[in-house]
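> Quick check, what structure comes out for this input:
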Amino acid sequence: MAKLKTGRHTGAMKTHRQSLRRKTRNSILKKKAREVTKELLASLGDKAKAGKLLVGAASAWDKAAKKGSIHWKTAARRKSRLALRLAKPA
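Predicted coordinates for the structure are as follows:
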């Protein structure tokens, strides 16, 4: 490693690298969950297809919560609201 400039701390540099990796992971997980949710909402007319997509959407939100991208109560709330939308008579 080259000599550091004044004011640069190796610990701060490592923390910055970690934050960039976390930001990338978090955005990927949240984007996947949003995409599956949009697909579910688009297919609410077909209950059979929407039921399968609900399982996938719930799984995506749970994975995001497990990795710490979102709070676990946020995931629970979103899953609950999706289930209510699916159960609502058309």
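> What number of residues are in the vicinity of Gln75?
Not quite, residue 75 is Ala, not Gln. 20 (other CB atoms under 10 Å). (Glycine included, C-beta is placed from N, CA and C.)
> quick one: it and Ala57 touch, right?
No - taking CB atoms under 8 Å as the definition, Ala75 is not a contact partner of Ala57, at 10.3 Å.
> Can you tell me the centre-most residue of this protein?
Nearest residue to the geometric centre of the chain (CA atoms, centre = their mean): Lys30, 2.5 Å.
> what about that one, distance to Arg21?
The gap separating Lys30 from Arg21 is 15 Å, by CB to CB, to the nearest Å.
> Lys79 now?
For Lys79 relative to Arg21 (CB to CB), the value is 27 Å.
> more neighbours, these two?
Shown here are Lys79 and Arg21; by other CB under 10 Å, Lys79 has more neighbours (19 against 10).
> Hmm, Ala58 and the more buried one touching each other?
Yes - assessed by CB under 8 Å, Lys79 is found in contact with Ala58 at 4.7 Å.
> What residues sit buried inside the longest helix seen in the chain?
Ranked by residue count and defined by DSSP state H, the top helix of the chain is helix 10-42. Buried residues in helix 10-42, counted by 16 or more other CB atoms under 10 Å: Leu29, Lys30, Lys32, Ala33, Val36, Thr37, Leu40.
> Would you agree the fourth one is in contact with Ala64?
Yes - counting by CB under 8 Å, Ala33 touches Ala64, with 5.2 Å between them.
> Would you check that Ala83 makes contact with Val55?
No - counting by CB under 8 Å, Val55 is not a contact partner of Ala83; they are 10.5 Å apart.
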